[in-house]
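In: Next comes the sequence, and after it the predicted model I'd like to discuss.
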Amino acid sequence: MGNTVRIEDVPGHADYRHLGGIAGIGVDLRYATPDNFVGRDLYSPLDCAWLHRDAAAALERAVAWLAERNPGYKLLVLDALRPQRVQEQLWAALQGTDLLGYLAEPGRGSIHSFGMALDITILDADGRELDMGTGFDDLTERSHPALEGEMLARGELTTAHIANRQLLRGAMFQAGFVGINSEWWHFDCGDRVLVRQSYTRVL
Ligand SMILES: C[C@@H](N)C(=O)N[C@H](C)C(=O)O
Ligand SMILES: [Zn+2]
């Protein structure tokens, strides 16, 4: 599996930064609550509010970009460092469904498990999530960035939904993140092949 570190050993490790030390973001880790597709808190008692320092620096660039364009708007982190053991639980929860395509197969590894991916959205000046056309982890075609044109034509998304997603992508892409075709909320920091080859997986 390459280099590994246990999540219990992440605090105090020089390669990781706590989300609490990143100014200008909101944090609502949905897998640390029952508000996720498994329906229970998968993180407690672990503190999973961490990122690899490279992803943390990129997130700070996204924060600065958004603050300049839309003062009052704020990035809300929905998931960050997801230990391998939790990725395995998510994978198990979707067995027997046709939804496994929405998850990284645990053997290959989720980029979240390297602290190098974020699930993220935007809050408006009143602290409300911008309407992206679906919620987080809506595992349907309406969440697919690659199908936005088609969804718009079918009346499944509006131009306002797409504009909100484009704002999120604008902030994240210029900071060095890369999106995926099926989830508007998910961004990998840099090249995912390189991450799997050269970063440490958090167990
Ligand atoms: C399940 C979803 N929130 C997610 O993060 N999916 C990506 C592809 C992953 O499992 O790494
Ligand atoms: Zn994700």
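Out: Noted; the coordinates are in hand. Ligands and ions are numbered 1, 2, ... in the order given.
In: In the protein, which residue sits nearest ligand 1?
Out: Ser110 (3.3 Å; Cβ to the nearest ligand atom). Yep, even glycine has a C-beta here, placed from its N, CA and C like the rest.
In: burial measure for the closest residue to that residue other than its chain neighbours, as a count.
Out: Of all residues not flanking Ser110 in the chain, Ala104 sits nearest, at 3.8 Å (Cβ to Cβ, 6 or more residues apart in numbering). Ala104 is flanked by 22 other residues according to other Cβ atoms under 10 Å.
In: Near ligand 2, which residues of the chain? Just list them.
Out: 119, 186 (Cβ under 5 Å from the ion).
In: was I right about Leu46 contacting Arg82?
Out: No. In this structure, Leu46 is not within contact of Arg82 by Cβ atoms under 8 Å, at 10.2 Å.
In: The two: which has the busier surroundings?
Out: In this view Leu46 and Arg82 are compared by other Cβ under 10 Å, and Arg82 has more residues nearby, 27 against 17.
In: Just list the residues touching the more buried one, thanks.
Out: Listed by Cβ atoms under 8 Å, 6 or more residues apart in numbering, the contact partners of Arg82 are 31, 48, 110, 112-113, 117.
In: Could you pull out the strands in the protein for me?
Out: Applying DSSP state E to the chain gives strands spanning 4-5, 16-18, 25-27, 50-52, 74-79, 117-123, 177-179, 186-189, 201-202.
In: The first one pairs with which strands?
Out: Right, the one you point to is strand 4-5. If you go by DSSP bridges, strand 4-5 pairs up with strand 201-202 (parallel).
In: which residues touch the strand it pairs with?
Out: Taking Cβ under 8 Å, 6+ apart as the rule, strand 201-202 contacts 1-7, 10, 81, 83-84, 109, 113-115.
In: Just the buried residues of those residues.
Out: 5, 7, 10, 81, 83-84, 109, 113-115 (16 or more other Cβ atoms under 10 Å).
In: Dig out what the most centrally placed residue in the chain forms beta bridges with.
Out: With distances taken as Cα atoms, centre = their mean, Asp119 lies nearest the centre of the chain, 1.5 Å away. When bridges are called by DSSP bridges, Asp119 pairs up with Asp79, His186.
In: got a list of what it touches?
Out: Contacts of Asp119 by Cβ under 8 Å, 6+ apart are 30, 77-80, 112, 136-137, 183, 185-187.
In: Just list the residues touching Arg165, thanks.
Out: Applying Cβ under 8 Å, 6+ apart, the residues contacting Arg165 are 132-133, 145, 148, 184.
In: Give me the pLDDT value at it.
Out: Arg165 carries a pLDDT value of 98.
In: do His144 as well
Out: 98.
In: same deal with Val86?
Out: Val86 is given a pLDDT of 98.
In: Quick one: neighbours of it, just the number.
Out: Val86, neighbours per other Cβ under 10 Å, totals 25.
In: still on that earlier bit, from the contacts of Asp119, which is closest to ligand 2?
Out: His186 (3.6 Å; Cβ to the ion).
In: Gly179 is in contact with that closest one, correct?
Out: Yes. Taking contacts as Cβ under 8 Å, His186 lies within contact range of Gly179: 7.0 Å.
In: between the two, which one's more packed in?
Out: Comparing His186 with Gly179 by neighbour count (other Cβ under 10 Å), the higher total belongs to His186, at 27 against 18.
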